[in-house]
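J.: With the input below, show me the fold.
(4 chains)
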There are 2 protein chains.
Amino acid sequence: MMRRSSIHCSSCENYECLIKKSLSTDEAERLAMQKATLNCKKGQQFIMEGTPVSGLFFIYKGKAKVLKTGIYGKEQILRLVQEGEIIGHRGFGTKNKYAISASALEDAILCNFSNETLDLMMKKIPELTYELMLFYADELNRSETKVKKLAQMTVREKVIDTILFIQRKFGINHKGGINLQLSRKEIADYSGTTEEQVIRTISSLKSEALIKCSGKMISIPDTRKLQSEISEHNFYLDQ
Amino acid sequence: MMRRSSIHCSSCENYECLIKKSLSTDEAERLAMQKATLNCKKGQQFIMEGTPVSGLFFIYKGKAKVLKTGIYGKEQILRLVQEGEIIGHRGFGTKNKYAISASALEDAILCNFSNETLDLMMKKIPELTYELMLFYADELNRSETKVKKLAQMTVREKVIDTILFIQRKFGINHKGGINLQLSRKEIADYSGTTEEQVIRTISSLKSEALIKCSGKMISIPDTRKLQSEISEHNFYLDQ
DNA sequence: CGCCTATTTGAACCGGGTCAAGCATTGTGG
DNA sequence: CCACAATGCTTGACCCGGTTCAAATAGGCG
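T.: Below is the predicted model of the structure:
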């Protein structure tokens, strides 16, 4: 993980950034300068479960996944993270150890705010604390919806739900394909099933013309139609 | 749900209450008086998924469960809530509709802070916002651990984990039994399985002398021993 | 005591996980 | 540029855990 010259918040173009949103005074800007900027290659792990918390990460460029490693090394992907979002925030609560791991899905540039900087910023900027609270409340909603889905959906529904979700979150590219290519294994680790089940489900969906594939790229010809495969029994799809 | 004369925060004995913790000034106390106090009978639902958010609830007395209703009316219990804890807080994020339901597990007395009161309090008391943020971050941790467990544990492990959890959280009574009696169905709804599976697992555990039962009351003769039934493959039991 | 609900047990079915083998794709070094 | 290795993807077959259905039993409460 390479350290590089820091990118200043004032010249950053991620206007959805929680930090930047809350920066109004010069003082806040000065605090925000205390961050480090890091380069991270595809596949590289930048947060490791169980290690001491070293602040909050912000995805300046790239995509990442947040996961827990479980029984026999099986991964559970908890979040797929886009440019402009934060990670590693789980350090606050009762613990000072990361409860999750995170690694880059493609080459990424990360901003890192240390614990001290973050504490200082929150003390000086109540709006930031408020924004963080909203962020956690939202994430909690999402996570609890996921709990329900894992407990109640069939494998087919879970895989469809995952595909719809990544399209909703990451959008589509110029070819009409979903703008994030995951391996079958990763789709399985997010859906809470196995690689083989994902492959079988995707094969079925292809033969039913509900999706199209070329390699890892998946596209959905008719989103509404695919949605109807799960929505009859799932009224609150608030993921 | 019966409205009753308000209990004043200053005479409240729940010292762990997020609200009370943050009340230092007279002004804060005055704001906290703006709350309503409600009586709620066992089984009564006081938050309904999909209805507009009417603020935050605090459990002054009693116990409650937080759940999502899913496919074919199957319930997923997300949280078991004790005296001194808050509920209904999910209103913040992007939505103004409750994403969860809540009902009393036994007769309860609830404090309710309206949206307006809460907003006002957070603006005036940064410490409260901070405490709420920590609360959400903690809850998020718990929820994400639950996601992993649901995806990876066997039914037997999930049921054992649930029994251990409710003992850890609610403690034991004078008879050595867990201080919260849930129905088999409720244990199933929390564990993410069916009533029959819970019954079968509990039967096995009884015959293995890992637990004892009399009616709904469960007791664990040797917690460590029961723990070892799941912990070999689960290193981070941070629920 | 009798009704209603909760719990328990049995049996059958099936979804989904596991194992194994074959195929495709990508990458690397000679 | 090809050969070969390594990795990822796909498919088939098998089997087991877990859900479902049904029926019996126990327990709680008016």
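J.: if you skip the residues just before and after it, what's nearest to residue A:185?
T.: Spatial nearest neighbour of residue A:185, excluding adjacent residues (C-beta to C-beta, 6 or more residues apart in numbering or on different chains): residue A:195 at 4.8 Å. Any C-beta I mention is one placed from the backbone N, CA and C, and that applies to glycine too.
J.: Please tell me how far the residue in chain A that DNA strand C sits nearest to sits from residue B:101.
T.: Nearest residue of chain A to DNA strand C, counting by C-beta to the nearest atom of the strand: residue A:154, 3.4 Å away. According to C-beta to C-beta, to the nearest Å, residue A:154 and residue B:101 sit 23 Å apart.
J.: So these two - more neighbours on which side?
T.: residue B:101 (20 against 13; other C-beta atoms under 10 Å in any protein chain shown).
J.: Tell me how many other residues surround the nearest residue in space to that one that is not next to it in sequence.
T.: In space, and not counting its chain neighbours, residue B:101 is closest to residue B:49: 4.6 Å by C-beta to C-beta, 6+ apart. Per other C-beta under 10 Å, the neighbour tally for residue B:49 reads 17.
J.: same deal with residue A:83?
T.: Neighbour tally, residue A:83, other C-beta under 10 Å: 18.
J.: Spatially, what comes nearest to it if we skip its sequence neighbours?
T.: Closest residue to residue A:83 apart from its sequence neighbours, by C-beta to C-beta, 6+ apart: residue A:59 at 5.4 Å.
J.: For that neighbour, give me its contacts.
T.: A:81, A:82, A:83, A:84, A:85, A:86, A:87, A:108, A:109, A:110 (C-beta atoms under 8 Å, 6 or more residues apart in numbering or on different chains).
J.: Can you tell me, leaving aside adjacent residues, what's nearest to the first one?
T.: Pointing back at residue A:81 there. With sequence-adjacent residues excluded and distances taken as C-beta to C-beta, 6+ apart, residue A:81 is closest to residue A:64, at 4.5 Å.
J.: give me phi/psi at the one you found?
T.: Phi and psi for residue A:64, reported as degrees, to the nearest 10, are phi -150, psi 170.
J.: how close does it get to residue A:20?
T.: Distance from residue A:64 to residue A:20, by C-beta to C-beta: 19 Å.
J.: Can you pull out the low-pLDDT segments for chain A?
T.: Residue ranges of chain A with pLDDT under 70: A:1-6, A:25, A:28, A:71, A:89-95, A:232-239.
J.: quick one, domains of chain A?
T.: Here the domain assignment for chain A is A:2-142, A:153-231, based on automatic domain parsing.
J.: and the first one, anywhere near DNA strand C?
T.: Going back to what we said before, that points to domain A:2-142. No. Judged by C-beta under 7 Å from any atom of the strand, domain A:2-142 and DNA strand C are separated, with a smallest distance of 7.9 Å.
J.: and residue A:50, how many residues sit next to it?
T.: Residue A:50: 12 neighbours (other C-beta under 10 Å).
J.: Isn't it up against residue A:69?
T.: No. Counting by C-beta atoms under 8 Å, residue A:50 stays clear of residue A:69, with 9.4 Å between them.
J.: residues of stretch A:177-185 that come out buried?
T.: Neighbour-count burial for stretch A:177-185 flags A:177, A:178, A:179, A:180, A:181, A:182, A:184 (criterion: 16 or more other C-beta atoms under 10 Å in any protein chain shown).
J.: Using PDB, list the CA coordinates for it.
T.: Extracted in PDB, the C-alpha atoms of stretch A:177-185 (Å, rounded to 0.1, in the frame of the first residue of the first chain):
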ATOM      1  CA  GLY A 177     -23.700  -4.200 -18.700                       C
ATOM      2  CA  ILE A 178     -23.600  -3.800 -14.900                       C
ATOM      3  CA  ASN A 179     -20.800  -1.500 -14.000                       C
ATOM      4  CA  LEU A 180     -19.200  -3.900 -11.600                       C
ATOM      5  CA  GLN A 181     -17.800  -7.300 -12.500                       C
ATOM      6  CA  LEU A 182     -17.700  -9.800  -9.700                       C
ATOM      7  CA  SER A 183     -16.600 -13.400  -9.800                       C
ATOM      8  CA  ARG A 184     -19.300 -16.100  -9.300                       C
ATOM      9  CA  LYS A 185     -17.600 -16.800  -6.000                       C
END
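J.: what does it rub up against?
T.: With C-beta under 8 Å, 6+ apart, stretch A:177-185 has contacts from A:63, A:80, A:105, A:163, A:166-167, A:169-173, A:190, A:195, A:198-199, A:202, A:214-220.
J.: Give me the buried subset of the residues you listed.
T.: A:63, A:80, A:105, A:163, A:166-167, A:169-170, A:172, A:190, A:198, A:202, A:217-220.
J.: Flag every buried residue along stretch A:188-201.
T.: Using 16+ other C-beta under 10 Å as the test for burial, stretch A:188-201 gives A:188, A:189, A:190, A:191, A:192, A:193, A:197, A:198, A:201.
J.: Okay, strands next: where are they in chain A?
T.: Assigned by DSSP state E, the strands in chain A fall at A:2-4, A:36-40, A:45-47, A:56-61, A:64-69, A:75-81, A:86-87, A:101-104, A:108-113, A:212-214, A:217-219.
J.: Report whether the longest one contacts DNA strand D.
T.: Meaning strand A:75-81. No. Strand A:75-81 stays clear of DNA strand D (C-beta under 7 Å from any atom of the strand), getting no nearer than 12.6 Å.
J.: What helices and strands are in contact with that strand?
T.: strand A:64-69, helix A:155-170, helix A:184-191, helix B:126-152 (3 or more C-beta pairs under 8 Å, 6 or more residues apart in numbering or on different chains; DSSP states H and E).
J.: Contacts for it next, please.
T.: A:59, A:63-70, A:87, A:100, A:102, A:105, A:139, A:143, A:166, A:169-170, A:180, A:186, A:189-190, A:192, B:144, B:147-148, B:151-152.
J.: Fine by me, thanks again.
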